[in-house]
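1. following is a predicted model, sequence given first.
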Amino acid sequence: MASSDQEAFRGLAVELRILEGTAEELQGRLGLVTATLRDLNISRMTVEGVETENPDASLYVPVGGGSFIKARLESNDKVIIGIGAGVSIERSLTEAKQIIQNRISEIEKNRESIQQQLIQIANRIQVDRDRLEELSAKLSQVVRRPSVPEAERRP
């Protein structure tokens, strides 16, 4: 019986390590999805802000590292939007807002899916840890308890 408990203990320990690795991977994916969502929301707000600006308005354009350059808005009715693989196309402001909103919706669904997976993994980790503690306590009792023949040999 102790042998099967030891095998179960080892199996649970391995499963627990795998689940913890999976949870870390999901946390990383969740971080990337959250960053993408934040970026898309900034894009959405920027496009909405440009919509209310007059052509020839002065703007500060971010160039990275918290740095900006001053520029003039040539047109407030067209947007260059990335469509993937480094390709960008010109679209109307309305189309660009719809494209961005569709992407936001898709990323939010992805984030919810990852969060659900993470919750399931966390629950499974807790169940495995509880079972591991039970097996550990059981195995430590077996080790401490002398066998009957040894007890009989004692004076």
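-> Thanks, I have the structure now.
2. so where's this structure uncertain?
-> For the chain, the stretches with pLDDT under 70 are 1-2, 142-155.
3. quick one, helices of it?
-> Assigned by DSSP state H, the helices in the chain fall at 2-52, 93-144, 148-153.
4. need these in TSV with distance to residue 67 and mean neighbour count, can you?
-> In this view, the C-beta of every residue, glycine as well, is placed from N, C-alpha and C. As requested, these are exported to TSV (distance: least, C-beta to C-beta, whole Å; neighbours: other C-beta atoms under 10 Å):
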stretch	distance to residue 67	mean neighbour count
helix 2-52	16	14
helix 93-144	24	14
helix 148-153	77	8
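5. these into a markdown table, with extra columns for distance to residue 58?
-> A markdown table is the format used below for the helices of the chain (distance: least, C-beta to C-beta, whole Å):
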| stretch | distance to residue 58 |
| --- | --- |
| helix 2-52 | 13 |
| helix 93-144 | 19 |
| helix 148-153 | 90 |
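6. figure out which of those helices is closest to residue 66.
-> Relative to residue 66, the nearest member of the helices of the chain by C-beta to C-beta is helix 2-52, separated by 14.3 Å.
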